[in-house]
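Colleague: here are the coordinates; sequence isn't available:
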C-alpha cells in the first residue's frame, strides 16, 4: 500500500484490553483506492526471556493455564513457555526482570535483548521484546509461581535444553515465542 488514511476508529470492547474497528482508505501501488475495515486488539506491548544455564545445559520454563489455547483444542489449556509479561508502564528490560522474579523466583541482573517482533500483526498491535539471560542456581531467591493478585498459578520447570528442544517435536511445547527463543539459542550456540 502506498498510503493509508484512517477514516474512523470505533471502540468495540474495552473490558481489560481494547478491541477497535478501524475504517481506512487504502491507496494501492497502482493508484486505485478502496475503503477497508479491520479489527485490532490492543493489549499493550510485552517482553519474554529464555533463562539458560550454559554449564548445566538447562533452561527454566514455566507452565500455566492459557484460556485461548483451551478454546482452540489444547486439552486442559496448560502451556509450557518462556517467562513473559506485559510491559505495563515499565521499559522492556525492567519488565522482564520483574517477570523473571515473579514467575520463576530467580533474581537476574543482566538480560540481553535479542529481537523485537510483531507476533500476530494481522490483528494484534503488540510488539514483543525478546531477551536471553544466563542464570545460576544461587540466583534463585524464592519459589516463583506468579502473583496471587494477578490470578497466576505458575509451575516452574528446569529442563535440559536438549529435552526442551525435543518437546517441540512431541507437541509438548507449542508456544511461538518459546520456539523462537530456542531457535535463537541453537543458532547462536548459547547452551553447551
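Modeller: Perfect, I can see it now. Keep in mind the model is a prediction, meaning the values are calculated, not measured.
Colleague: first-to-last residue distance for stretch 155-173?
Modeller: One end of stretch 155-173 sits 14 Å from the other (Cα to Cα, to the nearest Å).
Colleague: swap in stretch 13-24?
Modeller: Span of stretch 13-24 from end to end, Cα to Cα: 19 Å.
Colleague: what's the spacing between it and its chain's center?
Modeller: Relative to its parent chain, stretch 13-24 has a centroid offset of 21 Å by Cα atoms, centre = their mean, to the nearest Å.
Colleague: contacts for that stretch, please.
Modeller: Applying Cβ atoms under 8 Å, 6 or more residues apart in numbering, the external contacts of stretch 13-24 come out as 4-12, 35-44. All C-beta spots, glycine's among them, are computed from the backbone N, C-alpha and C.
Colleague: let's see which of the residues you listed end up in helices.
Modeller: Per DSSP state H, helices hold no members of the contacts of stretch 13-24.
Colleague: PyMOL command to pick out the buried ones of those residues?
Modeller: Here is the PyMOL command that selects only those of the contacts of stretch 13-24 that count as buried (16 or more other Cβ atoms under 10 Å):
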select buried, resi 40
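Colleague: quick one: neighbours of the nearest residue to residue 63 once chain neighbours are set aside, just the number.
Modeller: Of all residues not flanking residue 63 in the chain, residue 155 sits nearest, at 4.2 Å (Cβ to Cβ, 6 or more residues apart in numbering). When neighbours are defined as other Cβ atoms under 10 Å, residue 155 has 13 of them.
Colleague: so what's residue 124 scoring on pLDDT?
Modeller: The model reports residue 124 with a pLDDT of 96.
Colleague: again, but for the one 10 residues further on
Modeller: Here, the pLDDT recorded for residue 134 equals 97.
Colleague: what's the answer for residue 108, then?
Modeller: Residue 108 carries a pLDDT score of 97 in this model.
Colleague: now the one 3 residues further on
Modeller: We have a pLDDT of 98 for residue 111.
Colleague: so it touches residue 97, yeah?
Modeller: Yes: with contact defined as Cβ atoms under 8 Å, residue 111 and residue 97 form a contacting pair (6.4 Å).
Colleague: just the strands in this protein please.
Modeller: 3-13, 18-27, 33-42, 46-53, 58-65, 78-81, 83-86, 112-118, 127-134, 155-160 (DSSP state E).
Colleague: the inter-axis angle of the longest one versus strand 18-27?
Modeller: This points to strand 3-13. With axes from the mean of the first three to the mean of the last three Cα atoms, to 10 degrees defining the directions, strand 3-13 sits at 160 degrees from strand 18-27.
Colleague: what mean pLDDT does strand 3-13 have?
Modeller: 97.
Colleague: centre of the chain to that strand, how far?
Modeller: Relative to its chain's centre, strand 3-13 lies at 26 Å (Cα atoms, centre = their mean).
Colleague: repeat for the third one
Modeller: When C-alpha coordinates are averaged (Cα atoms, centre = their mean), strand 33-42 and its chain have centres 24 Å apart.
Colleague: quick one: average confidence on that strand?
Modeller: 97.
Colleague: likewise for the fifth one?
Modeller: Averaged across strand 58-65, the pLDDT comes to 97.
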